[in-house]
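In: give me a 3D structure for the following:
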Amino acid sequence: MQKLTHRQEMVLQYIQSSITERGYPPTLREIGNFMGIRSTNGVNDHLRALERKGYLTREDMKSRALRPTVLDFKANGNGAHAGADDGSRDSLAANGQGLPLSSIDDSFIEIPILGRVAAGQLTEAIQSPEDTVRIDKMLVGGASRDLFGLRVKGESMVNAGIRDGDYVFVRKQLDARKGEIIVALVGEEATCKYYYPESDRIRLVPANERMTDIVISRDDWRSTQILGVVVGLYRKLN
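Out: As a prediction, this is how the structure comes out:
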């Protein structure tokens with residue numbers, strides 16, 4: 001593999017640290033902020049160079065599809081793996097120089113982010129997909145398929161640890177057990193609540209004592225109204 005410049009090493013290390021710490025790559029804007037580059041074209045120049053030199057792959061020019069060919073890259077001033085041929089990449093982890101992406105692919109899942117879901121008043125509908133993230137399957141209970149992410153709006157689930165602006169990861173299914181946190185569609189809008197089915201009605205219960213239950217009669221409840229069960233949560237700390 002060809003040698004990297006110092007700034008190319010910085011970009012690659014930043015991408016790898018983002019995947020390690022958050023489970024998915026940074027956006028072009030995040031890379032630009034980290035590197036002090038205002039233009040996304042400038043960021044793309046570095047990414048194209050990393051692709052050309054064999055350190056990075058990506059699909060359809062999307063930042064969330066960035067995939068280092070070797071994780072935990074260790075810079076030595078001249079490019080850690082300069083001179084290594086393509087056939088040697090998967091063996092680099094054996095000598096402590098890095099962890100090949102192929103060895104962790106089965107542990108990660110790509111989840112589409114569909115938009116926002118109201119967790120207070122029913123004010124936000126599920127929107128079109130906005131982005132995708134890659135996270136470790138362990139963070140969503142080992143689930144490997146039929147997952148999507150939604151951004152929460154409102155404070156009705158705050159006592160369950162779900163806050164305004166959080167992202168919930170949801171396993172798509174049409175049924176749920178009593179007491180599970182679900183995403184349900186009521187009319188054309190979605191909400192995140194505890195699920196309590198009763199003989200003649202369905203109660204969608206908030207985790208906030210200042211808010212009231214949403215009560216739907218059995219006659220008005222449709223089997224398609226449960227969009228899925230919440231299995232994970234992501235929160236930005238700043």
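In: please count neighbours and contacts with C-alpha atoms only from this point.
Out: OK.
In: show me which residues of the longest helix anywhere in the chain are buried.
Out: For the chain, the helix that runs over the most residues, judged by DSSP state H, is helix 6-22. For helix 6-22, the neighbour count (16 or more other CA atoms under 10 Å) marks 8-17, 19, 22 as buried.
In: just the closest of those to Tyr55, please.
Out: Ranked by distance to Tyr55 (CA to CA), the buried residues of helix 6-22 are led by Leu12 at 7.9 Å.
In: how does this protein divide into domains?
Out: For the chain, automatic domain parsing gives the domain ranges 6-103, 108-234.
In: can you tell me which of these the model trusts least?
Out: Per-stretch mean pLDDT for the domains of the chain is lowest at domain 6-103 (a mean of 65).
In: pretty sure Leu47 is touching Lys53, no?
Out: No: using CA atoms under 8 Å, Leu47 makes no contact with Lys53, being 9.9 Å away.
In: and the two? which has more neighbours close in?
Out: More crowded of Leu47 and Lys53, by other CA atoms under 10 Å: Leu47, with 23 against 14.
In: element containing that one, please.
Out: Secondary structure from DSSP states H and E places Leu47 in helix 40-52.
In: for the helix or strand following that helix, packing partners?
Out: Next helix or strand after helix 40-52 toward the C-terminus (DSSP H and E): strand 56-57. Packing partners of strand 56-57 (3 or more CA pairs under 8 Å, 6 or more residues apart in numbering; DSSP states H and E): helix 40-52, strand 67-68.
In: among the ones you listed, which is nearest Asp136?
Out: The nearest among these, by CA to CA, is strand 67-68 at 14.3 Å.
In: follow-up on the earlier one: what comes up buried for the helix holding Leu47?
Out: Buried-residue list, helix 40-52, by 16+ other CA under 10 Å: 43-44, 46-48, 50-51.
In: can you give the contact residues for stretch 228-237?
Out: 139-141, 162, 165-176, 180-184 (CA atoms under 8 Å, 6 or more residues apart in numbering).
In: apply 10 Å and report the result again.
Out: Applying CA atoms under 10 Å, 6 or more residues apart in numbering, the set of residues contacting stretch 228-237 from outside is 22, 138-143, 146-151, 161-177, 180-185, 192-195.
In: that older thread, now the helices and strands packed on strand 56-57 as a markdown table including distance to Pro112?
Out: Converted to a markdown table, the helices and strands packed on strand 56-57 look like this (distance: least, CA to CA, whole Å):
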| stretch | distance to Pro112 |
| --- | --- |
| helix 40-52 | 23 |
| strand 67-68 | 17 |
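In: any chance you could map the strands in the protein?
Out: 56-57, 67-68, 70-71, 99-100, 108-118, 131-136, 147-153, 167-172, 181-186, 189-197, 201-205, 214-217, 226-234 (DSSP state E).
In: so which of those strands is the most surrounded?
Out: Of all these, strand 70-71 carries the top mean neighbour count, a mean of 26, counting by mean count of other CA atoms under 10 Å.
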